[in-house]
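A.B. asks: task: produce atomic coordinates for the following.
(2 chains, ligands or ions: 1)
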Amino acid sequence: MAGTFAFKAGSTAVPMISDVAFAELLNDPYPTFKRARDMAPIVRIEAAKIMVATRYDDIVAMERDPETFSSENPQSLVNKVMGHTMMRKDGEAHQRERRAIDPSLRPGAVKSCWGPKLEAVFEDIVARFERDGEADLFQALAAPMAGRALAEVLGFQDVDWQTMAFWSQSLIDGAGNYSGDPEISRKAVEAARGVEDAIDRALPYHRANPNTSVLSSMIHAEDPHEIDQIYANIKVAVGGGLNEPRDSILTLILGLLQNPDQLERVKANPNLWPVAFEEAVRWTSPIGMYPRRVTRDIVFSGVQLRAGDQVGLCVGAANRDGSRFEDPDRFDVFREKKSHLAFGAGAHFCAGTWVSRHMVGRLVVPRLFERLPNLRLKDPDAVRIQGWVFRGPVTLPVVWGA
Amino acid sequence: MPKITFALPDGKERTCSANEGLSLMEVALQNALPGIIAECNGSAACATCHVIVEDALAAMLDPISEHENDMLEFTAAARQPGSRLSCQIRVDDRLDGAIVRIPAEA
Ligand code: FES
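C.D. replies: This next block holds a predicted model:
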């Protein structure tokens, strides 16, 4: 797509979308994403006060050039709220920390360790509501499953899912608190303290008993984490590791319940579950956007960018790029198989990919459909999906039984 | 500059000059070869840069790390005896003339 839009070199003309209200973006960002994609490689969305890239090929190109499109941003609120996390480092500095945690998250660990543990968590959660005949799967299933799984994988033995959920939301809100709301700041500080205390409580056990958890990997790595790195990286994992499995559980269930013919075909051929999961996160990507900082003046895809510019990489938009995915707004397990950007791309490719593929696509959703006969939406009009930076169903009322 | 021949998923072959020090994955991307997606850009985290090397070459390369070994269980096309992640193989002159196969997806 390079060269399609020949802005004059030296021009800072990035076109703008200024007639979309923030609430619209939260309710349904896809029409705006489509407009932006059709308009130019980089577009400023006024309501969100950010420039975004929305085309698939452009985002891949940016992710392959971390020297120009850097994850580092000393000014970022994430750094203020969480410390200097690996999510905001590049190159060797990022890799060193990433390597330390990888043993906890690689496919082998998922198979031998997390698979059985998460299965036990799932059984416990389902047993609490399966006789009720109806439930909101957000509260009954997805939120507790994601919170307990994350506590388990990180190595917190004494933190309940409600606390995990509070920490996660407070840290996310704090990292997006551009208006400096004091109540949001206060909660973020409280959550950060809570995480640090939980780490301090957990570390003696993990020191004495090396195991598969992330905390254990951090301290027993060949190149172990310092305590500040532990604090920062566990905070980023708490902030960034809970919404995504929660939302993708609900999105996958929703996509299938809205498309009963596809559901029947998947149930008839369980090999299709992993494919259905990939389609769900392409269709409604739990992380819709993440930022990169431009490090030098550059004409990218014909658009003049300046050193210091922030660009939001809208993977939620790229995953509905019509030049790559036919009929992109449709949930279709049987579409032509193509890679998507729901887990990001490049060195920051989601560390939790393999845990989530297993937990959501092989365990939680397939088992749920097995356990609850005739699962269906209680009221198709009551389903609400929200968010543009993070996106997923915020309520999913269902019924089952005869 | 070493020349490496890629046997493509559709049965065709492409011979590419490869800069030493690049990974095989990077060479494949530079030449826009089909079948190498490389979602994680070489971090050995995505398993979408799967290739199959011949025995002679396999014996010459650095051994497969535990991590790569794990990841190879999750390639789109089933793992075979010569399976490797192309992002984990650096080009040097020993690779001159090598034939590397990019498998068709299952
Ligand atoms: S590029 Fe991702 S594993 Fe090789």
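A.B. asks: and stretch A:320-340, what's buried?
C.D. replies: Neighbour counts over stretch A:320-340 (16 or more other Cβ atoms under 10 Å in any protein chain shown) mark A:320-321, A:324-325, A:328, A:331-333, A:335, A:339-340 as buried. Bear in mind the C-beta positions are built from the backbone N, C-alpha and C, glycine included.
A.B. asks: and A:Pro74, what's its pLDDT?
C.D. replies: Reported pLDDT at A:Pro74 in the predicted model: 76.
A.B. asks: an error on my part: the question was meant for A:Phe7.
C.D. replies: If you check A:Phe7, the pLDDT there is 45.
A.B. asks: what about A:Lys117, which SS state?
C.D. replies: helix (DSSP: H, G, I helix; E, B strand; the rest coil).
A.B. asks: residue contacts, it?
C.D. replies: For A:Lys117, the contacting residues are A:Glu152, by Cβ atoms under 8 Å, 6 or more residues apart in numbering or on different chains.
A.B. asks: that one and A:Ala143, how far apart?
C.D. replies: A:Lys117 is 18 Å from A:Ala143, where distance means Cβ to Cβ, to the nearest Å.
A.B. asks: same thing with A:Ser248?
C.D. replies: 13 Å.
A.B. asks: out of the two, which sits in the more crowded spot?
C.D. replies: A:Ser248 (27 against 22; other Cβ atoms under 10 Å in any protein chain shown).
A.B. asks: packing partners for the helix or strand harbouring the more buried one?
C.D. replies: For A:Ser248, the element it lies in under DSSP states H and E is helix A:243-257. Applying 3 or more Cβ pairs under 8 Å, 6 or more residues apart in numbering or on different chains; DSSP states H and E, we find helix A:243-257 packed against helix A:137, helix A:143-154, helix A:260-268, helix A:273-283, helix A:353-356, helix A:365-371, strand A:376-377, strand A:392-395.
A.B. asks: of the ones you listed, which is nearest the ligand?
C.D. replies: Closest approach to the ligand among these is made by helix A:353-356 (10.5 Å; Cβ to the nearest ligand atom).
A.B. asks: check whether the closest one comes near the ligand.
C.D. replies: No: against the ligand, helix A:353-356 shows no contacts by Cβ under 6 Å from any ligand atom, the least distance being 10.5 Å.
A.B. asks: about what we covered before: report the lowest-confidence entry in the buried residues of stretch A:320-340.
C.D. replies: Among the buried residues of stretch A:320-340, A:Ser339 carries the weakest pLDDT, at 90.
A.B. asks: and that one, how far is that from A:Phe390?
C.D. replies: In this view, A:Ser339 and A:Phe390 are 22 Å apart by Cβ to Cβ.
A.B. asks: which residues of the chain score low on pLDDT?
C.D. replies: Going with chain A. Along chain A, segments meeting pLDDT under 70 span A:1-12.
A.B. asks: hmm, I had chain B in mind actually
C.D. replies: For chain B, the ranges with pLDDT under 70 are B:106.
A.B. asks: please enumerate the strands of the chain.
C.D. replies: This is for chain A. Ranges of strands in chain A, per DSSP state E, are A:16-17, A:42-45, A:50-53, A:69-70, A:134-136, A:290-294, A:298-300, A:303-305, A:310-313, A:376-377, A:384-386, A:392-395, A:397-399.
A.B. asks: that answer is for a different chain, and I need it for chain B
C.D. replies: Under DSSP E, chain B gives strands at B:3-7, B:13-17, B:50-53, B:83-85, B:99-101.
A.B. asks: circling back: looking at the strands of chain A, which is nearest to chain B?
C.D. replies: strand A:69-70 (12.0 Å; Cβ to the nearest Cβ).
A.B. asks: ok, and the closest non-adjacent residue to A:Pro29?
C.D. replies: Closest residue in space to A:Pro29, ignoring its immediate chain neighbours: A:Trp388 at 3.9 Å, by Cβ to Cβ, 6 or more residues apart in numbering or on different chains.
A.B. asks: could you pull up the contacting residues of the one you found?
C.D. replies: Contact analysis of A:Trp388 by Cβ under 8 Å, 6+ apart lists A:25-26, A:29, A:48, A:288-289, A:316.
A.B. asks: how close does it get to B:Asp55?
C.D. replies: 51 Å.
A.B. asks: next one: A:Val389
C.D. replies: Distance from A:Val389 to B:Asp55, by Cβ to Cβ: 49 Å.
A.B. asks: tell me which of these two has more neighbours.
C.D. replies: Taking neighbours as other Cβ under 10 Å, A:Val389 and B:Asp55 compare with A:Val389 leading, 21 against 9.
A.B. asks: out of everything not next to it in sequence, what's closest to that one?
C.D. replies: A:Val389 sits nearest to A:Met289 (Cβ to Cβ, 6+ apart), 5.1 Å away.
A.B. asks: neighbours of the one you found, how many?
C.D. replies: Around A:Met289 there are 25 other residues, counting by other Cβ under 10 Å.
A.B. asks: and it, how close does it get to chain B?
C.D. replies: Counting by Cβ to the nearest Cβ, to the nearest Å, the gap from A:Met289 to chain B is 18 Å.
A.B. asks: my guess is that residue meets A:Val311, correct?
C.D. replies: No: A:Met289 is not in contact with A:Val311 according to Cβ atoms under 8 Å; the separation is 10.0 Å.
A.B. asks: pull up the overlap in contacts between these two.
C.D. replies: A:Val52.
A.B. asks: thinking again about what came up before, of the strands of chain B, which is nearest B:Asp93?
C.D. replies: Minimum separation from B:Asp93 across the strands of chain B (Cβ to Cβ) falls at strand B:3-7, 10.4 Å.
A.B. asks: next, the angle strand B:13-17 makes with that closest one.
C.D. replies: Inter-element angle recorded for strand B:3-7 and strand B:13-17: 160 degrees (by axes from the mean of the first three to the mean of the last three Cα atoms, to 10 degrees).
A.B. asks: who does strand B:3-7 pair up with?
C.D. replies: strand B:13-17 (antiparallel), strand B:99-101 (parallel) (DSSP bridges).
A.B. asks: among these, which is nearest A:Phe369?
C.D. replies: Taking Cβ to Cβ as the criterion, A:Phe369 comes closest to strand B:99-101 out of the strands paired with strand B:3-7, the separation being 38.4 Å.
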